[in-house]
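Asks: The following block contains a protein sequence and its predicted model.
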2 protein chains.
Amino acid sequence: METMIQSNSSKVPLYEEVAGKVSHLIEEGTFGPGSRIPSVRALSRQLSVSINTVMEAYGLLEDRRLIEARPQSGYYVLARRGNIPAEPSMSTVRSLPTKVSIKELSSMIMRDMRDRSLVPLGAAIPNPEHLPIDRLNRMLSTEARRYREQSVSYESPPGCEKLRVQVARRLVYAGCTLTPDQIVTTCGCMEAVNLALLATCRPGDTVAIESPSYYNFLQALELYGLKALEIPTHPRDGMSIDALRYALEHNRISACLAVTNFSNPLGCLMPDDRKKELVELLSSHQVPLIEDDLNGDLSFSPERPRVAKSYDKDGSVLLCSSFSKTLAPGYRVGWIAPGRYQSEIERLKGVITIADATPPQLAIAEFLANGGYDHHLRSLRRIHARQTMQMAQAVGRYFPEGTRISNPAGGFVLWVEFPSYVDSLVLYEQALKAGITIAPGPAFSPRQKYQNCIRLNAGYWSEEVERAIQTLGELAAAMK
Amino acid sequence: METMIQSNSSKVPLYEEVAGKVSHLIEEGTFGPGSRIPSVRALSRQLSVSINTVMEAYGLLEDRRLIEARPQSGYYVLARRGNIPAEPSMSTVRSLPTKVSIKELSSMIMRDMRDRSLVPLGAAIPNPEHLPIDRLNRMLSTEARRYREQSVSYESPPGCEKLRVQVARRLVYAGCTLTPDQIVTTCGCMEAVNLALLATCRPGDTVAIESPSYYNFLQALELYGLKALEIPTHPRDGMSIDALRYALEHNRISACLAVTNFSNPLGCLMPDDRKKELVELLSSHQVPLIEDDLNGDLSFSPERPRVAKSYDKDGSVLLCSSFSKTLAPGYRVGWIAPGRYQSEIERLKGVITIADATPPQLAIAEFLANGGYDHHLRSLRRIHARQTMQMAQAVGRYFPEGTRISNPAGGFVLWVEFPSYVDSLVLYEQALKAGITIAPGPAFSPRQKYQNCIRLNAGYWSEEVERAIQTLGELAAAMK
């Protein structure tokens, strides 16, 4: 353990540094699956850090499901980890802007959403069984009655005030102090991202994006005649700041679009200090950041990560989110905190959809105020953490040797990298015939890279889903 | 009356021909306000047409509020007509495509919508008092409970099937036979128009529009980098087919956008034969028609006018509408029947907003099926006909001499043309200070024409509204 005592000069919190070191020792096999790691007291002495710091570090490793505490005994490396394939490596991409063209792929995924007979591993949809349907629907009724005239009337931009108040309050937990007037409601997070692109870019402009990146982002770029510049992205830490810096120095970039917390499809969580660096870097180049925090409330650990917007000093971060992954996709309640683009976003919202449906906005506002949202989130996050783990284990069990899989710290999607002989588009077709829908890798890249990757929705888990994973594994193995 | 017996060779129905002749005599003063016109029997004899034809003709003139039937007495020219100023003349516009720029004006109108202390004569919003709020809200509750899981889930394109079935059924009354699969739900009519523009045009393209035209259409054109080509439009009959033909022969036009029934802001109703001509003309030039039928259900006469889409033979008409003017603006339930653009519209819808809020779609579908929609429409149309008349009379009473006003046959907006000395932008500012919001004319033209015009929302009528009209008249007169 002596090598661990070496100091370093990075700006990450001390406990993260400690966690990183222990995690490194586990990954390199110093502490194998099932083995006991140093006690809190022992490590505190060895590293000359406080007991608290080690406790926090171990807490983080528990959240990441690397270790577990056993009562009266100590901390152990999770045996289960052995079943789960390694993470994919950092994406490598040529640094040239490209025109996007993935229309058919995303239409396929969207179309499959409507077919309830398919095992739904394609689109990132939460399982309604885990959503507070009855409480929401009750609030839909009571609020529509309480705000009788308002419930049928236009809530023109910036949208329902009651909702904006609640969103502003919740944003405190993500590190932001915003007033309700700095928020505009939208028809889901996707409309928010569309508005942000329209407010910051002109046709022909270039947008820096993660690689891989959500297929609907790529489609939106294509729709508005924008070029995508893919930035290498680490499956755990997110977009590479160095690569982005290089890209900014060598390209004319109009906006950067990133999912900073539990990204789609990688599930990566950008550490706070890197978020700060990201905001400062972009700001110094006068490039706005379109931040998608759709999954920010879905951390597997108790702590809600900050948003990059919390480091925004000049209003150049447009923060987008919704309640589609946490409460009700079908309510279409989203929002954007557009910084200095506020009036332009309000205007654009008025042009495209004028307003959002009022009753769902009122219901979600009431749920946030009095529905026990935090309690619901705790339960939902536990379910997702468990299901994501179960699905990852099943992938380890059934998918061909050499398969890699992401190790997300939140959200509910998994990114699978097959050995290179697997063609995910062929797999998609074969899976569909077997009654299973998946999201093929090429949908997540403007150049249709990731031919041997798929994204899996871990919102559902059942024996049927496990059998589907087995089937996918067999289909993939047969391609060798 | 003998001149009336001359036959003619036009293709309009006989009863319309008869109505036109009587109307001409009234307008020319042959039958002054309050005077009795020939009995049905007498006119039938004089014109050698059937009793039924004359009955239909008189019915039409009643709908147009030119005459009224008095029990046991006969038909009389409406005395009130004398108070109402003449219609504006046909718009004249230079036939050159122009870039649109009316951002601030439309933002002003939108912003005023939120201020409930203003007398709402600006935006075209229906008075919630006339909407079936309680029945809708009840259905919102029952349907969300009945379709429990569905109510919180994505209804990805083409959208809620129950709603599409009902819309397809209603379309029969507008002359269309469409299946539910030929309809895509949208977030209000405005999203439908946005999708239609995106599906049919590329940046730099030219779109033929009515003049004056709804400000949000102009903003959408600007947003997508499209040029507007204004086509002269008659305040009663709509877009001039001859002018459009000339425009098609001398410009490269990518789409034509028109409100065929009770247009915004003129309130004009394009006669059926002209709709047919419009569709055939555009089709022969391979130019799609984006038809906005937002007000189609709001005719002052009992008959629902056809849509141009009913003459569509090659799928080149994209019909857009919503229930925002008839049931609940705040429910944001709209739709598009996109013809041969179906799959492209579904894809675009998925990119921009993914889906619409499910509970309002379910509630509206249930209202259409079992809520007494036709009964509600009858009452709503009567109210709008009365209020539109009352507001027109008030304009006649209070506005300066030389003012002209549209004579719509449906919807609930009035287009007012002041003498040229009135600057509607100045009037807008002065009115706002007096607690009244109006829509200034230049918002309805890409070249900010119609400097001396305003649009009035007749969705509201009360003593307060009448006083507001008086105030507007005084402010306008003071500009002389």
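Replies: The structure has been received and is ready for your questions.

Asks: the domain parsing of chain A - what is it?
Replies: Domain ranges of chain A: A:2-82, A:103-128+A:375-477, A:131-373, per automatic domain parsing.

Asks: most neighbours per residue, which of those?
Replies: The highest mean neighbour count among these, using mean count of other CB atoms under 10 Å in any protein chain shown, belongs to domain A:131-373: a mean of 23. Using the backbone N, CA and C atoms, a C-beta is placed for each residue, glycine as well.

Asks: Determine the set of other helices and strands touching the lengthiest strand in chain A.
Replies: Ordering each strand of chain A by length in residues (DSSP state E) puts strand A:227-234 first. Packing contacts for strand A:227-234, counted by 3 or more CB pairs under 8 Å, 6 or more residues apart in numbering or on different chains; DSSP states H and E, involve strand A:206-211, helix A:215-223, strand A:238-239, helix A:241-250.

Asks: Tell me which of those lies nearest to chain B.
Replies: Taking CB to the nearest CB, helix A:215-223 is the member of the helices and strands packed on strand A:227-234 nearest to chain B, at 4.5 Å.

Asks: gap between the closest one and the chain center?
Replies: With CA atoms, centre = their mean, to the nearest Å as the basis, helix A:215-223 stands 17 Å off its chain's centre.

Asks: packing partners for it?
Replies: helix A:103-113, helix A:188-200, strand A:206-211, strand A:227-234, helix B:342-352.

Asks: how about the second one, does it reach chain B?
Replies: Yes - applying CB under 8 Å from any CB of the partner chain, one finds helix A:188-200 touching chain B at A:Gly188, A:Met190, A:Glu191, A:Asn194, A:Leu198.

Asks: Pick the one among the residues you listed closest to B:Gln387.
Replies: A:Glu191 (34.4 Å; CB to CB).

Asks: Hmm, that closest one is touching A:Ile352, no?
Replies: Yes - A:Glu191 is within contact range of A:Ile352, at 7.3 Å (criterion: CB atoms under 8 Å).

Asks: Common neighbours of those two, please.
Replies: B:Ile352 (CB atoms under 8 Å, 6 or more residues apart in numbering or on different chains).

Asks: quick one on the thing from earlier: adding mean pLDDT, write the helices and strands packed on strand A:227-234 out as CSV.
Replies: Shown next, in CSV, are these (pLDDT from 0 to 100):
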stretch, mean pLDDT
strand A:206-211, 97
helix A:215-223, 95
strand A:238-239, 95
helix A:241-250, 96
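
Asks: Tell me which of these approaches A:Thr403 most closely.
Replies: Closest among the helices and strands packed on strand A:227-234, once you apply CB to CB, is strand A:206-211, at 19.9 Å.

Asks: tell me the pLDDT at A:Arg36?
Replies: For A:Arg36, the pLDDT comes out at 81.

Asks: Now for it: which residues touch it?
Replies: So A:Arg36 contacts A:Ser73, A:Gly74, A:Tyr75, A:Tyr76 (CB under 8 Å, 6+ apart).

Asks: So for those residues, which is the shakiest by pLDDT?
Replies: A:Ser73 (82).

Asks: For the nearest residue to that one once chain neighbours are set aside, grab phi and psi.
Replies: Counting by CB to CB, 6 or more residues apart in numbering or on different chains, A:Ser73 lies nearest to A:Arg36, which is 7.6 Å off, once chain neighbours are set aside. Here is the backbone geometry of A:Arg36 (degrees, to the nearest 10): phi -90, psi 140.

Asks: Specify the beta-bridge partners of A:Arg36.
Replies: Applying DSSP bridges to A:Arg36 yields these beta-bridge partners: A:Tyr76.

Asks: Spell out, range by range, the helices that occur in the stretch 301-450 of chain A.
Replies: A:342-352, A:358-370, A:373-398, A:424-433 (DSSP state H, counting those that start in this stretch).

Asks: was I right about A:Ser406 contacting A:Pro88?
Replies: Yes - contact criterion CB under 8 Å: A:Ser406 and A:Pro88 qualify, at 6.4 Å.

Asks: Distance-wise, check the residue of chain A positioned farthest from its centre relative to B:Gln361.
Replies: Taking CA atoms, centre = their mean, the residue of chain A most remote from its mean C-alpha position is A:Glu149, at 37.3 Å. Computed as CB to CB, to the nearest Å, the A:Glu149 to B:Gln361 distance reads 21 Å.

Asks: Let's see stretch A:136-147 as CSV, backbone CA atoms only.
Replies: Output of stretch A:136-147 as CSV, limited to C-alpha atoms (Å, rounded to 0.1, in the frame of the first residue of the first chain):
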residue,chain,number,x,y,z
LEU,A,136,-49.8,11.3,-10.4
ASN,A,137,-53.2,10.6,-11.9
ARG,A,138,-54.9,11.7,-8.7
MET,A,139,-53.0,14.9,-8.8
LEU,A,140,-53.9,15.3,-12.4
SER,A,141,-57.5,15.3,-11.3
THR,A,142,-57.3,17.4,-8.2
GLU,A,143,-55.1,20.1,-9.8
ALA,A,144,-57.2,20.4,-12.9
ARG,A,145,-60.2,21.0,-10.7
ARG,A,146,-58.3,23.4,-8.4
TYR,A,147,-57.0,25.5,-11.3
